[in-house]
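Student: one predicted model, sequence on top.
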Amino acid sequence: MRVALATYSTKPRGGVVHTLALAEALSRHGADVTVWTLGRGGDGGFFRQVDAAVGIRVVPFPSVENEDVGDRILRSIKVLRAEFTPELYDVVHAQDCISANAVGRCVRTIHHLDQFSTPALAACHERAVVEPYARICVSKAVAAEVRDGWGLTPTVIPNGVDAQRFIDGGSDSASRAEWAGQLGEYVLAVGGIEPRKGSIDLLEAYALLVGKRPGVNLVFAGGETLFDYRGYREVFDERVAELGVRPHMLGIVDDDALPSLVAQAAVFAFVSTKEGFGLAAMEALAAGVPVVARDLPVLREVFGDAVRYASTHAEMAQALGEAADGGRGTRGRELALRHSWDDAARAHLDFYALLGTDC
């Protein structure tokens, strides 16, 4: 079976991580897989090495000075559409709104649902939900949102997790010691400063935590995004000054260094306002790191009692402190180990077979 997986970026965002891991697992199970993406900022490949069995097609996407977000997204669709060759594949599977609009008739994984105020982007989002001929969601909660909002019934196939990679990160004492020397004791968040990640809420909670736990640091890793969050970042920076705290901004961390960074954290903060699964938090559990998550139905579904939940800033601060004091455990690791990319790949192949190869 010839499968095209399409994603919008080469950078380490959750949907891109998912796409590459799924592609490699599908290939291990006999599929002929090619990943299509846009090479933003001159990128000629992905943020990490991809198994040689997986084909890679990176479509050049040069930057345009002073281009606003809406125009950049619409240009992304146009550029990818012009290069994509659907006739070469039995299944075309889009992983996000941009690729779903670009590749034509496709399967779509809806990782989470967004809200856009710009009419053109709202229409783009709508098309990416309703026009695919089949849909997958990575959690029952997101599938229920799609059903309630559009009357559609996606198939639920949970994410896999590369748990062993983060287990090994916990055993990398030399790299962990380097992070400890650089950052001390720290609360870690992955994903950059943006509204959906609840970054300002975490900052407020950290200010309360550090008042009771002097010396603990707040660390943000990642941050690559397609959207313009400058206004949100300005508010974040204003609160940093007003609260008198100094979070560490690491930016994009090399993929090989990420497991030890996660494993060395005293606690992993996952206070997103909207998620589809929570892959980064599951990776932290694999590393043995306690997780504090926002109390959302989707995270209750995925994580059960393996994490602590909080809603308010005070609750988050308390939960972060308790998690850091509670040390590491195995319950979360056992949960992460139950989520296999090979299982996810087999479920996808069964799903594709039900669709037939004349797609």
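Tutor: Received, thanks. It should be emphasised that the depicted structure is a prediction, and the values quoted were computed from it without experimental measurement.
Student: check the gap between residue 356 and residue 72 for me.
Tutor: As judged by C-beta to C-beta, to the nearest Å, residue 356 and residue 72 stand 36 Å apart. Backbone N, C-alpha and C define where each C-beta goes, glycine included.
Student: same question for residue 203.
Tutor: From residue 203 across to residue 72, the span is 28 Å (C-beta to C-beta).
Student: looking at the two, which one has more neighbours?
Tutor: Remark: of residue 203 and residue 72, residue 203 carries more neighbours, 22 against 17, as counted by other C-beta atoms under 10 Å.
Student: so after the helix or strand of the chain with the lowest mean pLDDT, what's the next helix or strand?
Tutor: Taking mean pLDDT, DSSP states H and E as the measure, the helices and strands of the chain show their lowest mean at helix 119-130, namely a mean of 90. The element immediately downstream of helix 119-130 (helix or strand, assigned by DSSP states H and E) is strand 134-137.
Student: just checking, what packs against that following strand?
Tutor: The elements that strand 134-137 packs onto, with contact taken as 3 or more C-beta pairs under 8 Å, 6 or more residues apart in numbering; DSSP states H and E, are strand 107-110, helix 140-150, strand 155-156, helix 341-355.
Student: please identify the deepest-packed of the ones you listed.
Tutor: Among the helices and strands packed on strand 134-137, the stretch with the highest mean neighbour count (mean count of other C-beta atoms under 10 Å) is strand 107-110, at a mean of 26.
Student: other residues contacting that one?
Tutor: 18, 91-95, 100, 128-129, 132-138, 142, 146, 154, 276, 351-352, 355, 359 (C-beta atoms under 8 Å, 6 or more residues apart in numbering).
Student: assign residue 204 to helix, strand or coil.
Tutor: Judged by DSSP: H, G, I helix; E, B strand; the rest coil, the three-state class of residue 204 is helix.
Student: got the contact list for it?
Tutor: Neighbour list for residue 204: 239, 243, 313 [criterion: C-beta under 8 Å, 6+ apart].
Student: where does pLDDT dip in the stretch 201-350 of the chain?
Tutor: By pLDDT under 70, the low-scoring segments of the stretch 201-350 of the chain are 224-228.
Student: let's see that with 90 instead.
Tutor: By pLDDT under 90, the low-scoring segments of the stretch 201-350 of the chain are 222-231, 326-331.
Student: what's the answer for the stretch 51-200 of the chain, then?
Tutor: By pLDDT under 90, the weakly predicted segments of the stretch 51-200 of the chain are 63, 65-73, 114-124, 191-192.
Student: C-alpha coordinates for the biggest strand by length in the chain, CSV please?
Tutor: Using DSSP state E to assign secondary structure, the strand with the most residues in the chain is strand 32-40. As requested, C-alpha coordinates have been extracted for strand 32-40 and formatted as CSV (Å, rounded to 0.1, in the frame of the first residue of the first chain):
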residue,chain,number,x,y,z
ASP,A,32,5.4,2.3,1.2
VAL,A,33,5.2,5.7,3.0
THR,A,34,6.2,9.1,1.8
VAL,A,35,5.9,12.2,4.1
TRP,A,36,5.2,15.5,2.4
THR,A,37,5.8,18.8,4.1
LEU,A,38,6.8,22.5,3.5
GLY,A,39,10.4,23.5,4.0
ARG,A,40,10.0,26.8,5.9
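Student: ok so, going back, okay, angle between the least confident helix or strand of the chain and helix 140-150 too, please.
Tutor: Computed with axes from the mean of the first three to the mean of the last three C-alpha atoms, to 10 degrees, the direction of helix 119-130 lies at 110 degrees from that of helix 140-150.
Student: if we can go back for a sec, tell me the helices and strands packed up against whichever helix or strand comes after the longest strand of the chain.
Tutor: The first helix or strand that comes after strand 32-40 along the chain, using DSSP H and E, is strand 55-61. Under the contact criterion of 3+ C-beta pairs under 8 Å, 6+ apart, the helices and strands touching strand 55-61 comprise strand 32-40, helix 69-83.
Student: top of the contacts of residue 204 by neighbour count?
Tutor: Of the contacts of residue 204, with other C-beta under 10 Å as the count, residue 313 tops at 19 neighbours.
Student: please, where are all the strands along the stretch 251-359 of the chain?
Tutor: With strands called from DSSP state E, counting those that start in this stretch, the stretch 251-359 of the chain shows them at 267-270, 291-294, 308-310.
Student: can you list those strands in JSON lines and add distance to residue 327 and mean neighbour count?
Tutor: Rendered in JSON lines, the data for those read as follows (distance: least, C-beta to C-beta, whole Å; neighbours: other C-beta atoms under 10 Å):
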{"stretch": "strand 267-270", "distance to residue 327": "10", "mean neighbour count": "27"}
{"stretch": "strand 291-294", "distance to residue 327": "13", "mean neighbour count": "25"}
{"stretch": "strand 308-310", "distance to residue 327": "13", "mean neighbour count": "20"}
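Student: including distance to residue 250, could the ones you listed go into JSON lines?
Tutor: Compiled in JSON lines, these are given as follows (distance: least, C-beta to C-beta, whole Å):
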{"stretch": "strand 267-270", "distance to residue 250": "14"}
{"stretch": "strand 291-294", "distance to residue 250": "19"}
{"stretch": "strand 308-310", "distance to residue 250": "24"}
